[in-house]
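> Please find the sequence and the predicted model below.
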Amino acid sequence: MHIPDNYLSPSTCAVLGAAMIPVWTVAVKKVKEEVTNVKMPLLGMGAAFSFLIMMFNVPLPGGTTGHAVGAVLLAILLGPFSACISVTVALLIQALFFGDGGILAFGANCFNMAFVMPFVGYFTYKFIKDIVKSQKGEYVAMAIGSFIGINIAALCAAIEFGIQPIFFKNASGQSLYSPYPLAVSIPAMMLPHLLVAGFIEVVFTVAIFSFIKKVSPGTIYEGAKRKTKAIYALIFALICLTPIGLLATGTAWGEWSIDEIKDVFSGGSALGYVPDGMKSGFSFAAIMPDYSVKGIPEVVGYIISAVAGVAIMIILFKIIGSLKKKKVKSI
């Protein structure tokens with residue numbers, strides 16, 4: 001679901017980026033008001049969870065791959081506005097350091113995964129939980145919320161892909177950017193998410209929530225004891241397990257490279273060309289592209305990437321928390 005650069009027109013990216021500005025503004029304000037400096041590192045942990053969950057690629061129908069996101073999990077644990085900030089940071093680190101998701105498409109990816117997914121999933125969860133007031137009801141609400149959240153986000157991405165051939169064409173009628181219309185992009189994105197990725201999201205959400213509820217209830221409930229060591233242990237375990245994501249072969253739908261896209265089959269035939277906007281579009285060289293380190297075995301590079309990404313996010317939010325603490329003291 002990470003849209004690369006040059007799959008969406010610059011104007012599409014600009015519109016979605018502009019749409020995120022008021023969302024980020026409100027989210028930052030809410031986090032400043034509601035999240036204490038003591039709890040601020042939890043946002044870093046949340047970003048780390050989302051970052052790591054997205055490294056666990058799974059095979060999807062059609063020979064592509066996909067992954068869970070963890071945005072609804074974070075919305076349930078931290079609130080939707082905090083989840084928005086955590087997932088935004090995770091997506092930013094992925095784009096800048098690992099080339100996972102485009103720089104120009106950053107706003108679009110945030111719109112889908114840091115805004116639509118956590119808010120839709122959270123309010124679906126809350127609506128069901130308020131009706132079915134029991135522990136079982138809470139988990140049912142969680143499962144449905146996470147399933148709907150990722151699928152609505154996937155639908156948004158599919159629409160963003162699918163409108164490109166409608167509005168942006170060259171003189172010969174070929175699409176300048178994503179070449180697949182809505183009739184192709186929507187089923188190509190939705191069927192794998194409805195059949196597989198949505199259930200993977202449910203498993204991650206329920207499993208991690210259950211673990212945190214058991215070992216560190218203070219992370220969820222006010223007044224209960226918070227044990228961050230147990231959460232860090234879970235993060236460490238996920239880091240060690242991330243190479244499992246390398247077992248899934250194939251490229252995620254809509255994330256092909258320039259060398260791949262002309263040979264992608266749809267409707268029984270290959271595309272046969274590279275859209276002009278992709279050939280002459282924006283290019284950015286990430287430090288560790290595709291979570292790899294040059295000259296190091298793929299598995300080791302994947303783990304190093306996981307460690308680096310997690311460290312950056314946790315340290316960043318700890319610094320923000322300490323700065324907030326100093327500001328409060330000075331006042």
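On my side now, so go ahead. Numbers count the residues shown, from 1 in each chain.
> Can you name the residues that contact Phe56?
Each residue near Phe56 by Cβ atoms under 8 Å, 6 or more residues apart in numbering is listed here: His67, Ala68, Ile200, Phe204, Leu241, Thr242, Ile244, Gly245. To be clear about C-beta, it is placed using only N, CA and C from the backbone, and glycine gets the same treatment.
> which SS state does it fall under?
Secondary structure, DSSP: H, G, I helix; E, B strand; the rest coil: Phe56 is coil.
> where exactly do the helices run in the stretch 151-300 of the chain?
With DSSP state H, counting those that start in this stretch, the ranges of helices along the stretch 151-300 of the chain come out as 164-167, 182-192, 198-215, 228-241, 258-261, 276-279, 298-330.
> quick one: the first one to chain centroid distance?
Going by Cα atoms, centre = their mean, to the nearest Å, the spacing between the C-alpha centre of helix 164-167 and its chain's C-alpha centre is 25 Å.
> The fifth one too?
Taking Cα atoms, centre = their mean, one finds helix 258-261 lying 23 Å from the centre of the chain it belongs to.
> Please work out which residues outside that helix touch it.
By Cβ under 8 Å, 6+ apart, helix 258-261 touches Pro179, Thr251, Leu271, Val274, Pro275, Met278, Lys279.
> now do 6 Å
With Cβ atoms under 6 Å, 6 or more residues apart in numbering as the test, helix 258-261 has contacts from Val274, Met278.
> Also stretch 35-48?
74, 78, 82, 86, 89-90, 231, 235, 310, 313-314, 317-318, 320-321, 324-325.
> Show the backbone phi and psi for Ser283.
In terms of degrees, to the nearest 10, the main-chain angles of Ser283 are phi -130, psi 140.
> And for Ala286, the neighbour number?
16 (other Cβ atoms under 10 Å).
> Kindly state the pLDDT recorded for the residue nearest to it when sequence neighbours are not counted?
Among residues not flanking Ala286 along the chain, Gly99 sits closest, at 3.3 Å (Cβ to Cβ, 6 or more residues apart in numbering). Predicted confidence (pLDDT) for Gly99: 93.
> Gly99 and Pro289 touch, don't they?
Yes: proximity of Gly99 to Pro289 meets the contact threshold set by Cβ atoms under 6 Å, at 4.2 Å.
> Those two: which is more packed in?
Gly99 (21 against 15).
> quick one: the helix or strand of the chain with the lowest mean pLDDT to chain centroid distance?
Within the chain, no helix or strand scores below strand 265-266, which has a mean of 78 by mean pLDDT, DSSP states H and E. In this view, strand 265-266 has its centroid 26 Å away from the chain centroid, taken as Cα atoms, centre = their mean.
> and what of stretch 183-196?
On Cα atoms, centre = their mean, the centre of stretch 183-196 falls 17 Å from that of its chain.
> next one: stretch 140-160
Distance, centroid of stretch 140-160 to centroid of chain: 12 Å (Cα atoms, centre = their mean).
> related to what we said a few turns ago, which residues touch the least confident helix or strand of the chain?
Val184.
> From Thr124, how far out is Lys30?
Distance of Lys30 to Thr124, computed by Cβ to Cβ, to the nearest Å: 20 Å.
> Name the residue in these two with the higher neighbour count.
Comparing Lys30 with Thr124 by other Cβ under 10 Å, the one with more neighbours is Thr124, at 20 against 16.
> Tell me which residues of the strand or helix carrying the more buried one come out buried.
Using DSSP states H and E, Thr124 sits in helix 117-131. For helix 117-131, the neighbour count (16 or more other Cβ atoms under 10 Å) marks Met117, Pro118, Phe119, Val120, Gly121, Tyr122, Thr124, Tyr125, Ile128, Lys129 as buried.
> Please list the residues outside stretch 130-138 that contact it.
Counting by Cβ under 6 Å, 6+ apart, Lys129 sit against stretch 130-138.
> Show me what counts as buried in it.
Applying 16+ other Cβ under 10 Å to stretch 130-138 flags Glu138 as buried.
> now swap in stretch 200-215 and tell me
Under 16+ other Cβ under 10 Å, the buried positions of stretch 200-215 are Ile200, Glu201, Val202, Phe204, Thr205, Val206, Ile208, Phe209, Ile212, Lys213, Val215.
> Residue ranges in the stretch 51-200 of the chain under the pLDDT threshold?
Low-confidence segments of the stretch 51-200 of the chain (pLDDT under 70): none present.
> That should have said the stretch 201-331 of the chain, apologies.
Looking at the stretch 201-331 of the chain by pLDDT under 70, you get 218, 220-226, 267, 324-331.
> Check whether Ala197 really touches Gly66, as I assumed.
Yes: if you go by Cβ under 6 Å, Ala197 and Gly66 touch, sitting 4.3 Å apart.
> so Ile103 sits right up against Phe284, yeah?
Yes: counting by Cβ under 6 Å, Ile103 touches Phe284, with 4.9 Å between them.
> quick one, which of the two is more surrounded?
Comparing Ile103 with Phe284 by neighbour count (other Cβ under 10 Å), the higher total belongs to Ile103, at 16 against 13.
> does the more buried one count as helix, strand or coil?
Ile103 is classified as coil under three-state DSSP.
> What residues does it make contact with?
Ala95, Phe284.
> how close does it get to Pro4?
For Ile103, the distance to Pro4 equals 10 Å [Cβ to Cβ].
> Right, I'll leave it there.
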